[in-house]
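Student: okay, predicted coordinates and the sequence, questions at the end:
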Amino acid sequence: MEITGIIAEYNPFHNGHLYQIHKIKEQSDSLIIAVMSGSFTQRGEAAVFDKWQRAKCAVKSGCDIVLELPFAFACRSAQDFARGGVSLLNRLGMVTQLAFGAECPDLAELQNIAHQLDDKLFQTKLHAHIAQGLSYAQAISASLDSQEKSAELIKQPNNILAIEYLRSLHLLNSPIRPLLIPRQGAGYHEKKITGALASAAAIRQVLYKKDSTVNLDGVLPPAAAELVRQQLTGQLPEMNRLYLPLKVKLLTSQLMHWQKIYGINEGLENRILDQSQSTGSWQELIKAVTTKRYPASRIARTLLYLLMDIDKENIALLDQTGPLYARLLAASPQGKNILKGLKANSSIPLITKTSQYLTTHKRREPFANLTPLEQMLRLDTLATELRSLTCEKAMPRNDFQQSPLFIR
């Protein structure tokens, strides 16, 4: 049986995602398992719709199973996001291929760069550039300067993720085959809607502007378009609603504690504290703290880590273990039929009821008292409730009450 894995955010699910699913189905009669970010995205932002809404859209649009990528990997850099997703799919024991998009249509070219990135000499150059003050992405590009074509490819976001997926497959010695589906339509960062294949960024911009002159039906599959129509005014998450809780955290925490937080190094805590004195919102603070070395997405993630008390030791431990469970969000009838097979073949548990693995009482115990699985699940459940705080109205679902959705 062919089973294709996809690693995605679906923020929101749009026609480009639907195109990818159609291309997979054209090549084989494959079941599709999507590993999807939960409450927060790689950019350190609350997902525009909650994870169950997005999972439902994905299943109604062609996915058979949607699993949650744990927060410990979902709200991280491209490298960590990719390794978390690939590792989870690999541990299921049934996935035969990994489908991903890229601006570059040449799989061999991407594989060549992926192999270079793990070369010892390249790693020496990379770390030297990082020590000089470049971000990870900038350091990779600088290390490839002698190869102009490769250096240019690495600057495009989907190429970066594709390369990291390929690196992860190689690192894990995974039997999962890569399936490259060249990206079509608007670019990743394109903010204008000019055709049926618009970027997620452009769609989110329309949603937040509440621009009634733009009809999104043409760029969204029916399930996603219906979700947009049903969405109540004020329910879109606003990160600025976390600014006052963050200010309280900054006011009451000691600098020594900050220095233990993941993402804080080289005096970044002082820069955050200084800039927080003169900024009035979450977004203003991110903009004020951002530098060439510390891009906005990294600062946004770090502010979340500060709020959630995620320290360097926590992340180091979870990076060592990798994903320790597969949390089921939604499934089609065909997906439901293979759940028993997944449970039998997977090296990690399939979670359908959170309270069997973590309770709200247990979650309040010191982090060190929890097993790595409980620690990982604690972050997921906290992220869900933190996202709820970004919405004007209380969300009707949380991880301890919501069961997986089985979609007909």
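Tutor: Cool, the structure landed.

Student: quick one: buried residues of stretch 130-144?
Tutor: Judged by neighbour count using 16 or more other C-beta atoms under 10 Å, the buried positions of stretch 130-144 are 130, 134, 135, 136, 137, 138, 139, 140, 141, 142, 143, 144. Using the backbone N, CA and C atoms, a C-beta is placed for each residue, glycine as well.

Student: distance to residue 26 for these - can I get that in TSV?
Tutor: Compiled in TSV, the buried residues of stretch 130-144 are given as follows (distance: C-beta to C-beta, whole Å):
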residue	distance to residue 26
130	41
134	41
135	38
136	35
137	33
138	37
139	38
140	33
141	34
142	39
143	37
144	34
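
Student: between those, which sits nearest residue 214?
Tutor: residue 137 (31.2 Å; C-beta to C-beta).

Student: my guess is that closest one meets residue 154, correct?
Tutor: Yes. A contact is recorded between residue 137 and residue 154 when judged using C-beta atoms under 8 Å, the distance being 7.4 Å.

Student: now for those two: what residues contact both?
Tutor: When contacts are counted by C-beta atoms under 8 Å, 6 or more residues apart in numbering, residue 137 and residue 154 are jointly contacted by residue 160.

Student: among the buried residues of stretch 130-144, which one lies nearest to residue 229?
Tutor: When the buried residues of stretch 130-144 are compared for distance to residue 229 (C-beta to C-beta), residue 137 comes out closest, at 37.1 Å.

Student: what's the helix or strand hosting the closest one in contact with?
Tutor: If you go by DSSP states H and E, residue 137 is part of helix 136-143. Helix 136-143 is touched from outside by 77-79, 117, 122, 125-127, 129-130, 134, 151, 154-155, 160, 292, 295, with contacts defined as C-beta under 8 Å, 6+ apart.

Student: can you list the domain ranges for the protein.
Tutor: When the chain is parsed into structural domains using automatic domain parsing, the resulting residue ranges are 1-103+156-189+322-380+398-408, 239-314.

Student: so residue 269 belongs to a helix, correct?
Tutor: Yes. When DSSP: H, G, I helix; E, B strand; the rest coil is applied, residue 269 is found to be in a helix.

Student: what are the contacting residues of the helix or strand hosting residue 226?
Tutor: Per DSSP H and E: residue 226 is located in helix 222-230. Here helix 222-230 makes contact (C-beta under 8 Å, 6+ apart) with 12-14, 49, 53, 56-57, 60-61, 207, 216-217, 220.

Student: okay, the domains of the chain in CSV with mean pLDDT next?
Tutor: CSV is the format used below for these (pLDDT from 0 to 100):
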stretch, mean pLDDT
domain 1-103+156-189+322-380+398-408, 95
domain 239-314, 94
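
Student: ranking those by burial, who's on top?
Tutor: Taking mean count of other C-beta atoms under 10 Å as the contact definition, the stretch among those with the greatest mean neighbour count is domain 1-103+156-189+322-380+398-408, which reaches a mean of 20.

Student: quick check: mean pLDDT across the helix holding residue 226?
Tutor: Regarding helix 222-230, the rounded mean pLDDT is 89.

Student: center of the protein, which residue is that?
Tutor: Closest to where the C-alpha atoms of the chain average out (C-alpha atoms, centre = their mean) is residue 74, at 3.5 Å.

Student: adding pLDDT and distance to residue 36 as columns, could you present the buried residues of stretch 130-144 in a markdown table?
Tutor: Shown next, in a markdown table, are these (pLDDT from 0 to 100; distance: C-beta to C-beta, whole Å):
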| residue | pLDDT | distance to residue 36 |
| --- | --- | --- |
| 130 | 77 | 30 |
| 134 | 75 | 31 |
| 135 | 70 | 26 |
| 136 | 72 | 24 |
| 137 | 72 | 23 |
| 138 | 76 | 28 |
| 139 | 80 | 29 |
| 140 | 80 | 26 |
| 141 | 77 | 28 |
| 142 | 80 | 32 |
| 143 | 80 | 31 |
| 144 | 77 | 31 |
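
Student: before we move on, back to that, quick one: which of the domains of the chain is nearest residue 113?
Tutor: With respect to residue 113, and counting by C-beta to C-beta, the nearest of the domains of the chain is domain 1-103+156-189+322-380+398-408 at 5.4 Å.

Student: in the stretch 301-408 of the chain, which spans are helices?
Tutor: 312-321, 333-337, 339-345, 360-363, 372-389 (DSSP state H, counting those that start in this stretch).

Student: can you redo these as a markdown table with distance to residue 172?
Tutor: Supplementary listing: the helices of the stretch 301-408 of the chain in a markdown table, determined by distance: least, C-beta to C-beta, whole Å:
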| stretch | distance to residue 172 |
| --- | --- |
| helix 312-321 | 14 |
| helix 333-337 | 24 |
| helix 339-345 | 16 |
| helix 360-363 | 30 |
| helix 372-389 | 18 |
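
Student: sorry, back to before: buried stuff in the helix holding residue 226?
Tutor: When neighbours are counted by 16+ other C-beta under 10 Å, the buried residues of helix 222-230 are found to be 223, 224, 225, 227, 228.

Student: how much space between the second one and residue 53?
Tutor: When you say that, I think you mean residue 224. Counting by C-beta to C-beta, to the nearest Å, the gap between residue 224 and residue 53 amounts to 9 Å.

Student: isn't residue 240 right next to residue 282, touching?
Tutor: Yes. In this structure, residue 240 is within contact of residue 282 by C-beta under 8 Å, at 4.7 Å.
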